[in-house]
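Asker: Give me a 3D structure for the following:
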Amino acid sequence: MSDETIRNNTERGRYELEVDGKLAVIEYRDAGGQRYFTHTEVPRALEGRGIASKMAKFVLDEAQAQNLSIVPLCPFVRGYIEKHPEYQPLVKF
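Answerer: Below is the predicted model of the structure:
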């Protein structure tokens with residue numbers, strides 16, 4: 001990966017990771033002390049490289065550090081939490 005820095009673009013409500021000139025994102029919105037993860041998108045050319053998983057771990061670790069509850073509306077983030085139960089205490093529905 002050419003640029004492995006995940007950044008929180010608060011103006012656009014998404015985490016971004018640029019890899020090989022392409023942008024992967026996890027979109028969210030905050031409300032009432034909760035972070036709602038709504039969508040994950042990785043360009044087709046980057047699929048199969050673990051990028052979405054790396055981003056999911058990062059965003060969940062950040063939510064945990066900020067004492068935010070999360071609502072995983074995005075199927076990818078929800079699936080990641082199912083595979084990594086250590087994040088389950090963060091989840092609110």
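
Asker: Which element, helix or strand, includes residue 59?
Answerer: Using DSSP states H and E, the element containing residue 59 is helix 51-65.

Asker: any low-confidence regions in the protein?
Answerer: 1-3 (pLDDT under 70).

Asker: ok, which stretches of it are strands?
Answerer: For the chain, the strands defined by DSSP state E cover 7-9, 14-19, 22-31, 34-41, 69-72.

Asker: Just put the ones you listed in CSV and tack on distance to residue 86 and mean neighbour count.
Answerer: Just so you know, the C-beta spots here come from the backbone N, C-alpha and C atoms, and that holds for glycine as well. Listed next are those as CSV, based on distance: least, CB to CB, whole Å; neighbours: other CB atoms under 10 Å:
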stretch, distance to residue 86, mean neighbour count
strand 7-9, 21, 13
strand 14-19, 19, 19
strand 22-31, 18, 17
strand 34-41, 17, 18
strand 69-72, 13, 20
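
Asker: Take those strands and write them to CSV, including distance to residue 91.
Answerer: Listed next are the strands of the chain as CSV, based on distance: least, CB to CB, whole Å:
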stretch, distance to residue 91
strand 7-9, 20
strand 14-19, 18
strand 22-31, 14
strand 34-41, 10
strand 69-72, 6
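
Asker: how much space between the residue nearest the centre of the chain and residue 21?
Answerer: Centroid-nearest residue in the chain, with CA atoms, centre = their mean: residue 56, separated by 3.9 Å. Distance of residue 56 to residue 21, given as CB to CB, to the nearest Å: 22 Å.

Asker: Going by neighbour count, which residues of the helix holding residue 59 are buried?
Answerer: Neighbour counts over helix 51-65 (16 or more other CB atoms under 10 Å) mark 51-56, 58-60, 63 as buried.

Asker: So what touches stretch 6-21?
Answerer: Stretch 6-21 has contacts (CB atoms under 8 Å, 6 or more residues apart in numbering) with 1-5, 23-30, 45-46, 49, 51, 54-55, 58-59, 62.
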